[in-house]
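Engineer: Can you look at this prediction? I've put the sequence above it.
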Amino acid sequence: MEFIAKNLRIGYPNKDLVNDIHFEANSGDFIVLIGKNGEGKSTLLKTLAQIISPISGELFIDGQSVKELSPSQIAKKIAIVLTTKPEIELQVNEILQLGRHAFTNFYDKLTENDLKIINEIANLVDIKHLMNQSISELSDGEQQKVMIARALVQETPIILLDEPTTHLDLENKALILKLLKKISKEQGKLVIFSTHELNLSLPIVDKLWLINQKKLTEDSICKNTISSQITNLFNNKNIRYDSDCHTFKLI
């Protein structure tokens, strides 16, 4: 699977956020998207998922323009997890069932295979014990894990996540990041996620996308070009970026 952007320009009316975006991402890529607040990380993910339209430019999946795909076709190719809390009052198992909606038959009935997939993902994300609880009864961290599970249940080749470790404690941050990498590598999925958990994320990703000054830079984190840009972007008198360890350290 190939996901390509050509001349992509994103933002809102009268406000460009990132211009001239070009990238080529493939099955099995595990990519972190970083940048300061307000630079356009969430907007880029929403644009890739077709929640909002680009100002200009095109996206292609396996050579086909995303513009040509119907909403149900997109739902079979791209899953996204946003930072917004769920507004619907449903049980956890019902929310996970929604992730199979694009695959159900005319009567919207789940098959045994659908239920098997839901069960497997609930076990993977460690929310099986929450299945019969209402989403509103859960902690912020538990709600976040449920929404990640819902995206995984879609079984799409592309998974986009906006700060997936928000509200999670350290143990669950590690669980989710390791799970996403495992899914990327073992199931050949393209996983792109934004985060401020740089010390946890940078050492384990394949590629880094950095948004700075309305530009997206794509490269391996081992390249000096990226290291210098990270240093310039985040360094101040209190922290420094260690390019050997791919971590930030207090001074």
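Structural biologist: It's in.

Engineer: what about S72, how many residues close to it?
Structural biologist: 10 (other CB atoms under 10 Å). The way it works is simple: take the backbone N, C-alpha and C, and place the C-beta from them, glycine included.

Engineer: And the one 4 residues further on, by the same measure?
Structural biologist: Around K76 sit 15 other residues, with neighbours defined as other CB under 10 Å.

Engineer: swap in I127?
Structural biologist: I127 has 21 neighbours, counted by other CB under 10 Å.

Engineer: residue contacts, it?
Structural biologist: Counting by CB atoms under 8 Å, 6 or more residues apart in numbering, I127 makes contact with V92, E142, K145, V146, A149.

Engineer: right, and the pair among these with maximum separation?
Structural biologist: Greatest spatial distance among those (CB to CB): E142 and A149, at 10.5 Å.

Engineer: sorry, back to before: what's the closest of the contacts of I127 to N172?
Structural biologist: Ranked by distance to N172 (CB to CB), the contacts of I127 are led by K145 at 6.9 Å.

Engineer: Isn't that closest one up against I176?
Structural biologist: Yes. Contact criterion CB atoms under 8 Å: K145 and I176 qualify, at 7.2 Å.

Engineer: Common neighbours of these two, please.
Structural biologist: Contact with both K145 and I176 is made by residues V125, L168, according to CB under 8 Å, 6+ apart.

Engineer: Okay, domains of this structure per the record?
Structural biologist: The chain breaks down into these domains under automatic domain parsing: 2-77+156-250, 83-155.

Engineer: Looking at E142 and A149, which one has more neighbours?
Structural biologist: Using other CB under 10 Å, the more surrounded residue of E142 and A149 is A149, with 25 against 19.

Engineer: Export the contacts of I127 to a markdown table and append columns for distance to V18 and pLDDT.
Structural biologist: Listed next are these as a markdown table, based on distance: CB to CB, whole Å; pLDDT from 0 to 100:
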| residue | distance to V18 | pLDDT |
| --- | --- | --- |
| V92 | 35 | 96 |
| E142 | 33 | 91 |
| K145 | 30 | 92 |
| V146 | 30 | 94 |
| A149 | 30 | 95 |
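
Engineer: For K116, state which of those residues is nearest.
Structural biologist: Of all those, K116 sits closest to A149, with 14.3 Å by CB to CB.

Engineer: so which helix or strand takes in the closest one?
Structural biologist: helix 140-153 (DSSP states H and E).

Engineer: before we move on, what about I176?
Structural biologist: Per DSSP H and E: helix 170-186 holds I176.

Engineer: List the beta-bridge partners for the most centrally placed residue in the chain.
Structural biologist: For the chain, the residue sitting closest to the mean C-alpha position, by CA atoms, centre = their mean, is L161 at 2.0 Å. Beta-bridge pairing of L161 under DSSP bridges involves V81, F193.

Engineer: For F193, see how far away it is.
Structural biologist: Relative to F193, L161 is positioned 4 Å away (CB to CB, to the nearest Å).

Engineer: Which parts of the stretch 101-250 of the chain are strands?
Structural biologist: Along the stretch 101-250 of the chain, counting by DSSP state E, counting those that start in this stretch, strands occupy 158-162, 190-194, 207-212, 215-219, 239-242, 247-250.

Engineer: got CSV for these, with mean pLDDT too?
Structural biologist: Shown next, in CSV, are the strands of the stretch 101-250 of the chain (pLDDT from 0 to 100):
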stretch, mean pLDDT
strand 158-162, 97
strand 190-194, 98
strand 207-212, 91
strand 215-219, 87
strand 239-242, 76
strand 247-250, 77
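
Engineer: Turn these into JSON lines, columns for distance to Q229.
Structural biologist: Formatted as JSON lines, these follow (distance: least, CB to CB, whole Å):
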{"stretch": "strand 158-162", "distance to Q229": "22"}
{"stretch": "strand 190-194", "distance to Q229": "16"}
{"stretch": "strand 207-212", "distance to Q229": "6"}
{"stretch": "strand 215-219", "distance to Q229": "6"}
{"stretch": "strand 239-242", "distance to Q229": "10"}
{"stretch": "strand 247-250", "distance to Q229": "14"}
